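1. show me how the following folds:
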Amino acid sequence: MVTPTNGLVEIDKGSTFAFTQLRSDSFDVSIDDTKILLTVEPIGENADLKLEGSKSFYTQPSSQIKVTLPLDKINADHQKNIDVIQLVDLQGNPVIPKFDVKSKIVSSENSIIQIIDDSIIPAGSSYTTFPIKTTGSVDNAIISASAKGVNGTSSVINAASSQLQLQISTGNLMDVVNVDVPVEFRLFVDDENLDSVSGTSIKIIPKGEGVITPEVVRTNSDGSAIVSLTAFDGPNISFDIIATAEGYAEGKDSFTVNVDSPEKTFNAIDLELPEWIVYLVIGGILMVGVVVFMFLKKSKADLEEDWEEENEI
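-> Below is the predicted model:
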């Protein structure tokens, strides 16, 4: 038994050796680790396990399996997309295999692009196609292809919408706002061609100590909407905005505004106590101070009298 190829070799009676063929598709090849350990062990009835032997050798793959994408972008809303894998040499020239090459194709982001089936490059051809499925999400993913005996490669693909993307911007929003002071500002929604989009639904999600009213609003004829921001505490407040409109790809953005908040001082409100209790506590402290002062004054007078009596004696 020869591993890692899992091949069977028979040494004829009266001979001390036999030939075997190592096919590159019978073991994995790593770019980082090209060392392969070949092990031969006797099998069968009355086999002498002491005859087991091994040999290490290094592989030098002369070909790679390449992911070829017809376009850098694919339609995220189109379910049937076709891409290509091809067997090429290290200079990128096509390689025609003498036997079928089984590939392994994976996606780095199954939530964006999904690989339906692995593909086989047939003998006599350098390439084959494979189907991929989009989920409707818009983002990048990495498609990686590998096969035994050759180097694997990867390629970045972008799932984009065929619809125009909504873009969000703010107008007359100050960089710094004061605490507890409502500030009105405008939100503008345009498409990629900078044309205003009316009737867009805008959802605003504040993060931090503050509120935005209203949290859901629609743009008017000029593609704008007025909202109000009130910050309760600093040092800043941020909010996420999601814009949706029929016939357009969803737009998202985030904004952060600094908050000018005065330093806190403790008072009756901070302590959540009635003011009369605070005044009562202050009066008690003053009374204790007066008593201590009178006690010290009396002690001093008594001490002076004692000194006078001692001097007379």
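2. for L286, phi and psi?
-> Backbone torsions of L286, given as degrees, to the nearest 10, read phi -60, psi -40.
3. ok, how many other residues are close to it?
-> Counted with other CB atoms under 10 Å, residues neighbouring L286 total 10. In short, each C-beta sits where N, CA and C put it, glycine included.
4. helices of the stretch 201-313 of the chain, start to end?
-> 268-271, 275-312 (DSSP state H, counting those that start in this stretch).
5. quickly list what the nearest residue in space to N193 that is not next to it in sequence is bridged to.
-> Nearest-residue entry for N193: L164, 6.9 Å, with adjacent residues in sequence omitted and distances by CB to CB, 6 or more residues apart in numbering. Beta bridges link L164 to Y248, judged by DSSP bridges.
6. quick test: name the residue nearest the centre of this protein.
-> E109 (11.0 Å; CA atoms, centre = their mean).
7. doesn't K203 make contact with V189?
-> No - using CB atoms under 8 Å, V189 is not in contact with K203, being 11.9 Å away.
8. I282: what's it in contact with?
-> In this structure, I282 makes contact with no residue, judged by CB atoms under 8 Å, 6 or more residues apart in numbering.
9. kindly report the same for P235.
-> Taking CB under 8 Å, 6+ apart, we find P235 in contact with N258, V259, S261.
10. how much space separates it from D180?
-> Using CB to CB, to the nearest Å, we find P235 at a distance of 15 Å from D180.
11. that older thread, save the contacts of P235 as CSV, and put in neighbour count, pLDDT and distance to I157 too.
-> CSV is the format used below for the contacts of P235 (neighbours: other CB atoms under 10 Å; pLDDT from 0 to 100; distance: CB to CB, whole Å):
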residue, neighbour count, pLDDT, distance to I157
N258, 14, 90, 39
V259, 19, 88, 42
S261, 17, 76, 47
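12. adding distance to Q64, write those out as a markdown table.
-> Shown next, in a markdown table, are the contacts of P235 (distance: CB to CB, whole Å):
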| residue | distance to Q64 |
| --- | --- |
| N258 | 52 |
| V259 | 55 |
| S261 | 59 |
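13. in strands, which of these fall?
-> In strands, judged by DSSP state E, the following of these are found: N258, V259.
14. the residue lying closest to L51 once chain neighbours are set aside and I282: what is the separation?
-> Using CB to CB, 6+ apart and skipping residues adjacent in sequence, the residue nearest L51 is P42, 5.1 Å away. P42 is 99 Å from I282, where distance means CB to CB.
15. contacting residues around stretch 188-196?
-> 164-171, 197, 200, 202, 219, 222-225, 243, 245, 248, 251.
16. so where's the stretch 1-150 of the chain uncertain?
-> By pLDDT under 70, the low-scoring segments of the stretch 1-150 of the chain are 23-33.
17. that older thread, generate a PyMOL selection restricted to the buried subset of the contacts of stretch 188-196.
-> This is the PyMOL syntax for the buried subset of the contacts of stretch 188-196, where burial follows 16 or more other CB atoms under 10 Å:
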select buried, resi 164+165+166+167+168+197+200+202+219+223+224+225+243+245+248+251
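18. and the gap between the residue nearest to Q163 when sequence neighbours are not counted and N81?
-> Closest residue to Q163 apart from its sequence neighbours, by CB to CB, 6+ apart: A249 at 4.4 Å. Separation of A249 from N81 (CB to CB): 18 Å.
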